[in-house]
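Chemist: any chance you can model this:
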Amino acid sequence: MPIVPDTLSLIGHTPLVRLKGPSAEAGAHIFGKCEFANPGASVKDRAALSIVEEAERQGALQPGGTIVEGTAGNTGIGLALVANAKGYRTIIVMPETQSREKMDTLRALGAELVLVAAAPYSSPCHFVHTSRRIAEETPGAIWANQFDNIANRRAHITGTAEEIWTQMEGRIDGFTCAAGTGGTLAGVGMGLKAHDESVVIALTDPHGAALFNYYEHGELKAEGSSVAEGIGQGRITANLEGAPIDTQFRVGDDEGYYWVRRLLDEEGLCLGLSSGINVAGAVALARRLGEGSRVATILCDTGFRYLSTLHNPSWRQEKGLVEPAFPRGG
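Modeler: From the prediction side, this is the model:
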């Protein structure tokens, strides 16, 4: 591998791995984009860098300025890393329900962390609205606005999608992932469709989100709930506008955790629940596309970010997550 000129050049260009268990289950070829290989250990590093560089180009972010964002954690971590490399401050607003590891990581990176109670988007106390107010009240600050700032999805149109296309040598039948901001799903979908309109782009939605019903029935309606962090959306964000969604799946936490455990026990990959939900969606999409199809998805972040939650037996029991039927190490 070449020597890169600076640490921000480490963002992106992540490996793509064929997942043996999911591929065998679907009778197809399922590939995971290893976004945990980014410096901040998540796919959100891409959006963070793109948002900051766009703000610099527009002149909104000046030397010594402050970046403010509301996030479930990973975007905040990415923004803090980018800010440190470029000489900015960060203020991150996060729901207090997120994992302790994310909070500790943000503090270790020097971000000012503001924790708020979980609230619906309609509430002025929602973490997104709180972060916008802080940005407006802080001199020299910009609001990253990851949900509606299309610099987010642009990072995936020009970066993630191009990498997947090249790595799969243009032989790809489908792509799927969940949506939080919608930037990854929309951006990768747009980028792949620009190469081949026949690539099937699928939403994989957790319970508790409204997008499955929107794309299935034209109505934003949420059903059930999920403990997955960073995914699930109740509105059409600017990043999702015009997203080329061909089909949709809904995946429960138990099914997502089944794949987290299988990938850990059988393939040595320690992932979070959003990655497990994405893999479950990829299996569903590959089955629909048929034997031998080639489907890619996103392995969003590292499971080491969820040691106190998803990978903690007491927490799983409290949340009612069903343990898979195969033994650990089997």
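Chemist: quick one: contacts of stretch 279-290?
Modeler: Stretch 279-290 is contacted from outside by 19, 22-23, 25-30, 32, 173-174, 176-178, 200, 202-204, 247, 249, 251, 255-256, 258-259, 263, 293, 295-297, 299, using Cβ atoms under 8 Å, 6 or more residues apart in numbering. C-beta: built from backbone N, CA, C; applies to glycine.
Chemist: buried stuff in that stretch?
Modeler: Neighbour counts over stretch 279-290 (16 or more other Cβ atoms under 10 Å) mark 279-286, 288-289 as buried.
Chemist: inside strands: which ones of these?
Modeler: Per DSSP state E, strands hold no members of the buried residues of stretch 279-290.
Chemist: from the residues you listed, which is closest to Gln58?
Modeler: Gly281 (35.3 Å; Cβ to Cβ).
Chemist: what strand or helix carries the residue lying closest to that closest one once chain neighbours are set aside?
Modeler: Sequence neighbours aside, Thr204 is the residue nearest to Gly281 in space, at 2.7 Å (criterion: Cβ to Cβ, 6 or more residues apart in numbering). Per DSSP states H and E, Thr204 falls inside strand 200-206.
Chemist: got the contact list for the nearest residue to Glu69 once chain neighbours are set aside?
Modeler: With sequence-adjacent residues excluded and distances taken as Cβ to Cβ, 6+ apart, Glu69 is closest to Ala144, at 3.9 Å. By Cβ under 8 Å, 6+ apart, Ala144 lies in contact with 48, 51-52, 55, 67-69, 75, 79.
Chemist: then Thr97?
Modeler: Listed by Cβ under 8 Å, 6+ apart, the contact partners of Thr97 are Ala118.
Chemist: next up, phi/psi of it, please.
Modeler: phi -80, psi -10 (degrees, to the nearest 10).
Chemist: mind pulling up the pLDDT for it?
Modeler: Per-residue pLDDT puts Thr97 at 89.
Chemist: do the one 4 residues further on as well
Modeler: pLDDT recorded at Glu101 is 94.
Chemist: sec struct for it, please.
Modeler: Three-state call for Glu101 (DSSP: H, G, I helix; E, B strand; the rest coil): helix.
Chemist: with Thr309 instead?
Modeler: Three-state call for Thr309 (three-state DSSP): coil.
Chemist: what about Arg171, which SS state?
Modeler: coil.
Chemist: report the contact partners of Asn84.
Modeler: 109-110.
Chemist: so it lies in a strand, does it not?
Modeler: No - in this structure, Asn84 is helix, not part of a strand, as judged by three-state DSSP.
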